[in-house]
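>>> what follows is a predicted protein model with its sequence.
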2 protein chains.
Amino acid sequence: MLNQSRVVIDAVKPQINCGEFFIKRVVNEIVNVDANVLVDGHDVIATSVLFKHEKSKKWNEVRMHEVGNDEWKASFSVEKQGFYTYKVQGWVDYALNWQHGIDRKIDDNQHVKSELLEGITYLEPLLKKGTKEEKDYLQYCIDCFKDDSKYNDAIKEAMSSQLHLIFTKYPEKLLANESKALQVYVDRKKARFSTWYEFFPRSASEVEGQHGTFADCERLLPRVKQMGFDTLYFPPVHPIGEVNRKGKNNTTEAKDGDAGSAWGIGSKHGGHKDLHPQLGSVEDFKKLIKEAKKQNIEIAMDYALQAAPDHPWVDSHPDWFKWRPDGTVQYAENPPKKYQDILPIYWESKDYKNLWKECLDTMLYWVDCGVNVFRVDNPHTKPYYFWNWLITEVKKKHPDVLFLAEAFTRPKVMQQLAKQGYTQSYTYFTWRNSKQEFEDYLTELTQTDQREYMQPNFWPNTPDINPYHLQGANETKYLQRYALAATLSSSIGIYGPVFEQMIDDAIPGKEEYYMSEKFEVKHYDWFKESKLTLLISKINALRHENEALQQTNNIKFLNIENENIIAFYKWNDDRTNELLIIISLDQYYAQQGNVQLPLDNLGIAVGHRVQVQDLITASSYNWHSEWNYVELHPALPFHIFKINK
Amino acid sequence: MLNQSRVVIDAVKPQINCGEFFIKRVVNEIVNVDANVLVDGHDVIATSVLFKHEKSKKWNEVRMHEVGNDEWKASFSVEKQGFYTYKVQGWVDYALNWQHGIDRKIDDNQHVKSELLEGITYLEPLLKKGTKEEKDYLQYCIDCFKDDSKYNDAIKEAMSSQLHLIFTKYPEKLLANESKALQVYVDRKKARFSTWYEFFPRSASEVEGQHGTFADCERLLPRVKQMGFDTLYFPPVHPIGEVNRKGKNNTTEAKDGDAGSAWGIGSKHGGHKDLHPQLGSVEDFKKLIKEAKKQNIEIAMDYALQAAPDHPWVDSHPDWFKWRPDGTVQYAENPPKKYQDILPIYWESKDYKNLWKECLDTMLYWVDCGVNVFRVDNPHTKPYYFWNWLITEVKKKHPDVLFLAEAFTRPKVMQQLAKQGYTQSYTYFTWRNSKQEFEDYLTELTQTDQREYMQPNFWPNTPDINPYHLQGANETKYLQRYALAATLSSSIGIYGPVFEQMIDDAIPGKEEYYMSEKFEVKHYDWFKESKLTLLISKINALRHENEALQQTNNIKFLNIENENIIAFYKWNDDRTNELLIIISLDQYYAQQGNVQLPLDNLGIAVGHRVQVQDLITASSYNWHSEWNYVELHPALPFHIFKINK
């Protein structure tokens, strides 16, 4: 096939897997597009990014500018939820090329009569476009170009910036070429900026020894709100299996009265569309969701696709499970380990279409009940293409729904789940500790392609992970972990009140909680105040007040001459909010160092006075140098400085 | 659309522009394929590369192996010219997964009766495949698995490597997934390994003042062969325009008898399908091509798509040129510069289909005359898609034809021409000088994607470029430039006898030859011998004897404690030919240093004796250390060592 276009468009970015996957943004964010655009020879080319929302018929256009080495750039802002399409268009701009040539010839004192006549061919088509003023001007130019007696006026107008502007405004895109169309999916803002609190509803009772209810959870909403959390995530609230139920501390035999694991879903009381009877009715649950919404808290549900042996599906849809030659059903295994309280779904089932449909229906049922956020349990043990399909189907009807992938697994698996459509991802933050580790990991998340499709959610702890560094740690360490999570990532979460009450008994040698709440009902003093709770609340308030903390990608690590202090600069897109964050990684001793201000990024020269204001203590400092002394004590091991220039 | 496969294949490499362009190989080379292959959960997966030649109906299969972090690798060899297709296939291997599980359970002393029965479902389908011996073995296993009294034999066979081998040999590819199909184009060996000599046929006469002929060129063939060149490239041999002909030393007015620029093509004597009358007839040209072939020399023709003002096309196809409003034809310009002896082709022509066809016909005409190698003049000033089409059309009929892109221009433009199909590319070697520059440039060419699609051709000089470092340089410098080109790149060329006779008068301040042969007939002592001609011949002979020098990508730079010495290790694919090359970059003084042997690559330990044999002087050295002393003198500023382990 012959393609007469002379323009080649290559290496359009962002682009994930050749456009197989969309990139991600939230409303009002920017997409920076970059492409190599080439033409043979020396002619002047022009390029645009064309973009449109899926519901719009008209393309919007933004001109690209060359940054050198045949690389062109432009940005556009996404204002509505849903899919946008974007592509790069390039063409030889013969009019601009003509002006570029005649400019140089006139400078060289060449006679350009023939060139002026040629110019008329570029001006005439524009007489049909443009404002009256522009048309008058074009007609005036044409008259001059034709009239030998007006040669001096003609060459003046041929070179004029007014003519250049008109050419730029009304390009004739002859033989233009276009890149493949790519997609960006735009979510509501919470996809990028969310502060999660996880607790077990069954432990929410005021009365020790009593099973918590949704009504008890409602009572705790003001506390959650006061601490600054906006997403309240519950482990599964479905009926808990009674066959092979786990006992306390993960023992294989439950005793009478043992509550069992919330993730062992399904019993005679129902399955994934039902609620555990002791928690309350679906009306209670809907009321809780509604009450939470009033306080700007969203309830996030756990979506765990697995079944207890007494889950209703086992009888109603035996094809959705694997059956062994001896007639028994296949329980979960990771040989030689066995998990007899859990049946995995048999994804190879011939009846997989009905299975997928039921999984979708289940999620849509809870969406109809008011749930718009799902934390998906172990998504990496279910097929990738299933998730892609499920998320696509749900989003088609309910674009507000968000999906957090609980996949603590290998890097490429985590990345693939994000590519396939997950809104947010659990990360390795839980195990990162040294300055080098944080800098390397954040660089990977924010400066590679991952920034375009993977939105991290940083958790200092979860019911599954009691990290070694928190076991027996002091309050300073907890403060540091929270401050790190909350300033490095715009989405974060804690498992409470275990975290803020520093409950960290572990099974010896393991990163697991001793007598874990996963297997029993606990009792807490829910309203206990401490320095930790106060500072968590304060940091969460700062996250709401400072746009720089509401995204993850705008980060630059700063030099500081101390391996026990990490320092970084964060900003919002229009740089109206700039923060300097300095965190000590030493939980026992004071640490000092000189931090280097990012003068280039701040757009200031050495000697320019900068005021940094500590948003926790309200103290201010005036800095005149590029390098500035800071000192951090275990009592308050971090600065969150606002930069005033 | 529902996709039930559980396997995801990502990041298949090599892959250029999402498969838009093919990668390049020559016959008998290797393609190393790399992919990320993932499955949900813990099941055992298997992956293969499938590949086939365009004329074959059957896919060949080679199993991939995992190298960690979900990355899989395999290699295949391409044996025939033309296109091969390759793709990656992955599947959960349920049989191997079953064996992996039962292995672990038996190790854990679990009773596996149910697992043995399950195993039968994987064994039974294989009874239809395999050799008699394999079938007998499978039947024996099935009998044991069924028979409780043979439990001990059963678990022994369940874990057996014999069973593992049968499973691996006859995989059941249930719900397999496949990557997109990609292409590799395989050329004849000369595409990668060629040694070019360029001279002007019109200067080939024995008699001073007389215009050379094809017959004179024939007389020079033994000399070209004796010096070890296999490709003899002539600047254009077509009729030279008489209108606006350039004079000597690039003056705008030719005097009577001035020969003009060979690139000003077309006159009353004809155009691109004709020969300059003073050189001889088409029969003379065909005879020369034939004689050359007998001596294993191929004649490379210049393909320069532009016209002198008196080219026949200007009358016969006025639409192929641009006409100015004043009725004159548009000559070449790069404002404010004018080139009135040259008319560019008007690629925007409405008659472009006929134009493209005539360009193709022209090339096919010369192919029919016996030319199989084209050096294309300034391809970056003609449309990229035109080249893609032209090269594709020519290769369809004549896969032996090779294309060298003479594009000394911006990096992305050079890369794009290579992507669009050019076999070989001129490079920046001509201007690279320091050790750091060579290492950086070769790393870019051989360790990035460019290695897959761009085959460099290194030229120390061309009629267009008399580089500053050669102007007034001594013989050592010429030796260094030739040795560098000839060992760093498998395709190289020189413009002679200017190069080997060290003719380097320059226009002051420019990298251009003074009184350039481009604009006049020269006279040379064609058979002059010198140390330079002897060493060029010797190096060329070594290139033919050592496979390590017949490809460019297998290179590793070695540490040597001297910025004036560059050292590198080169090898052929099966490591039966390993070279150590050490070149001084100092043209005046001796240089010494200790070079570090690449022990890991050589597969030897410290203390192992290595014999290095200088292939120029035939001296041998025994080295026992990792670091070894070398000294280079201006008289012979390089070592080409063969490594004997």
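Yes, it's here.

>>> which residues of the stretch 301-450 of chain A lie near chain B?
The stretch 301-450 of chain A comes close to chain B at residues A:324-326, A:328, A:333-336, A:347-348, A:352-353, A:356, A:380-385, A:389, A:410-413, A:416, A:419, as judged by C-beta under 8 Å from any C-beta of the partner chain. Yep, even glycine has a C-beta here, placed from its N, CA and C like the rest.

>>> which members of the residues you listed occur in strands, if any?
Among these, the members falling in strands (DSSP state E) are A:Glu333, A:Asn334.

>>> ChimeraX command to pick out the buried ones of the residues of the stretch 301-450 of chain A next to chain B?
This is how ChimeraX selects the buried members of those, with burial counted by 16 or more other C-beta atoms under 10 Å in any protein chain shown:
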select /A:333,335,347,352,356,380,381,382,383,384,385,389,412,413,416,419
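
>>> quick one: name the residues of the stretch 451-600 of chain A near chain B.
So the stretch 451-600 of chain A never meets chain B (C-beta under 8 Å from any C-beta).

>>> show me where the stretch 451-600 of chain A has strands.
Remark: strands assigned in the stretch 451-600 of chain A by DSSP state E, counting those that start in this stretch are A:456-457, A:491-495, A:555-557, A:565-571, A:578-584, A:591-596.

>>> what's the closest non-adjacent residue to A:Phe145?
Counting by C-beta to C-beta, 6 or more residues apart in numbering or on different chains, A:Phe145 lies nearest to A:Leu116, which is 4.2 Å off, once chain neighbours are set aside.

>>> can you classify the one you found by secondary structure?
Here A:Leu116 is recorded as helix under DSSP: H, G, I helix; E, B strand; the rest coil.

>>> you'd agree it is up against A:Ala154?
Yes: with contact defined as C-beta atoms under 8 Å, A:Leu116 reaches A:Ala154; the gap is 5.4 Å.

>>> care to break chain A down by domain?
Following automatic domain parsing, chain A resolves into domains at A:7-91+A:175-186, A:95-169, A:188-549, A:555-644.

>>> to B:Glu133, which of those lies closest?
B:Glu133 lies closest to domain A:188-549 among those, at 27.0 Å (C-beta to C-beta).

>>> quick check: mean pLDDT across the closest one?
If you average the pLDDT over domain A:188-549, you get 97.

>>> centre of the chain to that domain, how far?
In terms of C-alpha atoms, centre = their mean, to the nearest Å, the centre of domain A:188-549 is found 18 Å from the chain centre.

>>> hmm, back to that, would a markdown table of the strands of the stretch 451-600 of chain A with mean neighbour count and distance to B:Asp310 be doable?
Listed next are the strands of the stretch 451-600 of chain A as a markdown table, based on neighbours: other C-beta atoms under 10 Å in any protein chain shown; distance: least, C-beta to C-beta, whole Å:
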| stretch | mean neighbour count | distance to B:Asp310 |
| --- | --- | --- |
| strand A:456-457 | 26 | 69 |
| strand A:491-495 | 27 | 72 |
| strand A:555-557 | 17 | 63 |
| strand A:565-571 | 23 | 64 |
| strand A:578-584 | 24 | 67 |
| strand A:591-596 | 18 | 68 |
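
>>> how about the ones you listed in TSV, adding distance to A:Gly241?
Formatted as TSV, these follow (distance: least, C-beta to C-beta, whole Å):
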stretch	distance to A:Gly241
strand A:456-457	29
strand A:491-495	23
strand A:555-557	44
strand A:565-571	45
strand A:578-584	44
strand A:591-596	50
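
>>> what are the ranges of the strands in the stretch 151-300 of chain A?
A:177-178, A:182-187, A:194-198, A:231-233, A:298-303.

>>> quick one: closest of those to A:Lys642.
Counting by C-beta to C-beta, and looking across all of the strands of the stretch 151-300 of chain A, nearest comes strand A:194-198 at 19.5 Å.

>>> hang on, the earlier thing: closest one to A:Ala473 among the strands of the stretch 151-300 of chain A?
Per C-beta to C-beta, nearest to A:Ala473 of these: strand A:194-198, 19.4 Å.

>>> direction included, what does the closest one pair against?
Strand A:194-198 sits in its sheet next to strand A:231-233 (parallel), strand A:491-495 (parallel), going by DSSP bridges.

>>> returning to what we had before: between A:Leu116 and A:Ala154, which contacts overlap?
A:Phe145 (C-beta atoms under 8 Å, 6 or more residues apart in numbering or on different chains).

>>> give the contact list for the residue lying closest to A:Asp310 once chain neighbours are set aside.
Once flanking residues are discounted, A:Asp310 sits nearest to A:Val243: 4.4 Å by C-beta to C-beta, 6+ apart. Applying C-beta under 8 Å, 6+ apart, we find A:Val243 in contact with A:Ser267, A:Ala308, A:Pro309, A:Asp310, A:Asp341.

>>> just tell me which of the strands of the stretch 451-600 of chain A ends up closest to A:Ala292.
From the strands of the stretch 451-600 of chain A, taking C-beta to C-beta, the stretch that ends up closest is strand A:491-495, at 15.8 Å.

>>> close enough to count as contact, A:Glu298 and A:Arg375?
No: here A:Glu298 lies out of contact with A:Arg375, judged by C-beta under 8 Å, at a distance of 11.6 Å.

>>> give me the more crowded residue out of those two.
A:Arg375 (27 against 20; other C-beta atoms under 10 Å in any protein chain shown).

>>> what about the more buried one, which SS state?
Applying three-state DSSP: A:Arg375 is strand.

>>> how about the nearest residue to it, chain neighbours excluded?
Nearest residue to A:Arg375, sequence neighbours excluded (C-beta to C-beta, 6+ apart): A:Leu404, at 4.5 Å.

>>> swap in A:Pro637?
Nearest residue to A:Pro637 in three dimensions, chain neighbours excluded: A:Ser584, at 4.2 Å (C-beta to C-beta, 6+ apart).

>>> what about the one you found, distance to chain B?
33 Å (C-beta to the nearest C-beta, to the nearest Å).

>>> enumerate every residue touching that residue.
Listed by C-beta under 8 Å, 6+ apart, the contact set of A:Ser584 reads A:Gln480, A:Asn564, A:Ile565, A:Ala590, A:Gln591, A:Leu632, A:His633, A:Pro634, A:Pro637, A:Phe638.

>>> who's the last one bridged to?
What it means is A:Phe638. Here A:Phe638, judged by DSSP bridges, has bridge partners A:Ile583.

>>> that one and A:Tyr482 touch, don't they?
No: shown here, A:Phe638 and A:Tyr482 do not form a contact pair, counting by C-beta under 8 Å, at 9.4 Å.

>>> tally of neighbours for the residue nearest to A:Phe145?
A:Leu116: 25 neighbours (other C-beta under 10 Å).

>>> the helices in the stretch 451-600 of chain A, which residues?
A:475-488, A:531-545, A:599-602 (DSSP state H, counting those that start in this stretch).

>>> any idea which of these is most buried?
A comparison of those by mean neighbour count, using mean count of other C-beta atoms under 10 Å in any protein chain shown, puts helix A:475-488 on top with a mean of 23.

>>> kindly format the C-alpha coordinates of that helix as CSV.
What follows is helix A:475-488, C-alpha atoms only, in CSV (Å, rounded to 0.1, in the frame of the first residue of the first chain):
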residue,chain,number,x,y,z
GLU,A,475,6.6,5.1,69.2
THR,A,476,9.2,6.9,67.1
LYS,A,477,9.4,4.0,64.6
TYR,A,478,5.6,4.0,64.2
LEU,A,479,5.6,7.7,63.7
GLN,A,480,8.3,7.4,61.0
ARG,A,481,6.5,4.6,59.2
TYR,A,482,3.3,6.6,59.1
ALA,A,483,5.0,9.8,58.0
LEU,A,484,6.9,7.9,55.3
ALA,A,485,3.8,6.2,53.9
ALA,A,486,1.7,9.4,54.1
THR,A,487,4.2,11.7,52.3
LEU,A,488,5.7,9.2,49.8
